[in-house]
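Chemist: Compute the structure for the input listed below.
(one chain, ligands or ions: 1)
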Amino acid sequence: MFDGLKDKLSGFREDVEESAEPEEDASPDDEASPESSADASDAPADGAATEAGANEADSDETDADEPSTFQRAKAFATGRIIIEEEDLEEPLWNLEMALLESDVEMSVAEQILDSVRESMLGESRKQVETTGELVESALHDALLDVIAVGQFDFEQRIAEADKPVTIVFTGVNGVGKTTSIAKLSEWLADRGYSSVLANGDTYRAGANEQIREHADRLGRDLISHDQGGDPAAVIYDGVEYAEANDVDVVLGDTAGRLHTSDDLMAQLEKIDRVVDPDMTLFVDEAVAGQDAVNRAKEFNDAAAIDGAILTKADADSSGGAAISVAYVTGKPILFLGTGQGYDDITLFDPEDLVESLLDEE
Ligand SMILES: Nc1nc2c(ncn2[C@@H]2O[C@H](COP(=O)(O)OP(=O)(O)OP(=O)(O)O)[C@@H](O)[C@H]2O)c(=O)[nH]1
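Modeler: Predicted structure coming up:
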């Protein structure tokens, strides 16, 4: 999962190490050697630059804020580093290209670059030990900041909500919406919650049969009307059924396409009015990359989603959608679909994702 992106992030670390760490033959005098560096632990000290000035023809003019070659080498010898703007220029450019190639949305890529730049040039440089660690911590924080936008505890929300909890699923056809509903029904059952499926996709021929197959396999009840019926009425019936039968959660499918997108949005608005769902979840496939991000934005603008499920993460190497959707919509990714089986659904944990993206093994 997301291996392509992982490789690219690792490339950034190597780039910075290459441009920020002094080459061996660029080492100044003995003073910078590890054996004689006891006093260098506070580097960069401005005084050190003056002392070295005689031997460092090029560096003694250096501005007070900009470390000289000597300071950098001295700091490096003590296991510390000093990163300058120019060290980052090329690595950051490469990182930006890598993120965009990985389908990370432009504003998200810019946000990541800004925060990496800020934390690498800022105070943190004095507290970390190696370039690799500095890069890792800067990337970790930058990624987490964009990925964790709006995150909430889905399970806790289900636990605390009045029952039945109504969840409506929206998103275009063919991305794994119906399969995700079935998976979520299983996920809820594993945690002790009963659920009923309601097929609000009354538009598409064959939609009833498709969801019925899942319901039958899982032994769940399904509420459906004939094709062409009112989706809001189907989900309403699902809620009534749940109330009458003590079912905890109503999982309502909807059509992914209608004649026009206005019709589609009018349908979602009507469902909102009639059923007032506890959550509307947008479903799309991670492999759709930038298209998935754009659709998430459109659906959120039109129908105010509460969160997203990204399917087919198992087949996605780019990771762009997983990184971008929350930042772009302000709504969290709640689950990742990771295969075709009913158990192939994972609660989305931003910290886990960032750690796995930065894991060097
Ligand atoms: N590899 C993989 N395949 C998935 C995942 N989720 C769904 N699929 C497959 O994607 C295909 C489409 O899934 P559906 O659930 O039929 O798609 P849909 O969005 O419900 O389609 P509509 O009902 O037309 O809206 C099926 O073959 C699913 O098995 C996933 O997380 N990983």
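Chemist: doesn't Lys8 make contact with Pro91?
Modeler: No - applying Cβ atoms under 8 Å as the test, Pro91 and Lys8 come out as separate, 11.6 Å apart. Backbone N, C-alpha and C define where each C-beta goes, glycine included.
Chemist: For these two, indicate the residue with more neighbours.
Modeler: Comparing Pro91 with Lys8 by other Cβ atoms under 10 Å, the one with more neighbours is Pro91, at 23 against 20.
Chemist: Could you say which helix or strand holds that one?
Modeler: helix 85-101 (DSSP states H and E).
Chemist: what does the stretch 51-200 of the chain put close to the ligand?
Modeler: Applying Cβ under 6 Å from any ligand atom, one finds that the stretch 51-200 of the chain approaches the ligand through 173-179.
Chemist: Return the list of helices and strands in contact with the following helix or strand past the helix holding Pro91.
Modeler: Moving toward the C-terminus from helix 85-101, the next helix or strand (DSSP H and E) is helix 106-121. Where contact means 3 or more Cβ pairs under 8 Å, 6 or more residues apart in numbering; DSSP states H and E, helix 106-121 is packed against helix 85-101, helix 131-147, helix 320-329.
Chemist: Kindly present the ones you listed as TSV, with separate columns for distance to Val196 and mean pLDDT.
Modeler: TSV is the format used below for the helices and strands packed on helix 106-121 (distance: least, Cβ to Cβ, whole Å; pLDDT from 0 to 100):
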stretch	distance to Val196	mean pLDDT
helix 85-101	42	89
helix 131-147	33	90
helix 320-329	28	94
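Chemist: just those: most buried one?
Modeler: Among the helices and strands packed on helix 106-121, helix 320-329 has the highest mean neighbour count (mean count of other Cβ atoms under 10 Å), at a mean of 27.
Chemist: and it with helix 131-147, angle?
Modeler: Here helix 320-329 points in a direction 60 degrees away from that of helix 131-147 (axes from the mean of the first three to the mean of the last three Cα atoms, to 10 degrees).
Chemist: name the helices or strands packed onto helix 320-329?
Modeler: helix 106-121, helix 131-147, strand 279-285, helix 290-303, strand 307-311, strand 333-337.
Chemist: chain center to the longest one: distance?
Modeler: From the chain centre to the centre of helix 131-147 is a distance of 13 Å (Cα atoms, centre = their mean, to the nearest Å).
Chemist: what mean pLDDT does the following helix or strand past that helix have?
Modeler: For helix 131-147, the succeeding helix or strand toward the C-terminus, using DSSP H and E, is helix 154-160. Averaged across helix 154-160, the pLDDT comes to 96.
Chemist: So what's the model's average confidence on the helix or strand that comes right after helix 154-160?
Modeler: Per DSSP H and E, helix 154-160 leads on to strand 165-170 as the next helix or strand towards the C-terminus. Computed over strand 165-170, the mean pLDDT rounds to 96.
Chemist: Tell me what angle strand 165-170 forms with strand 279-285.
Modeler: 40 degrees.
Chemist: and the closest residue in space to Asp306 that isn't next to it in sequence, what does it touch?
Modeler: Nearest residue to Asp306, sequence neighbours excluded (Cβ to Cβ, 6 or more residues apart in numbering): Met279, at 4.4 Å. In this structure, Met279 makes contact with 157, 165-168, 306-307, judged by Cβ atoms under 8 Å, 6 or more residues apart in numbering.
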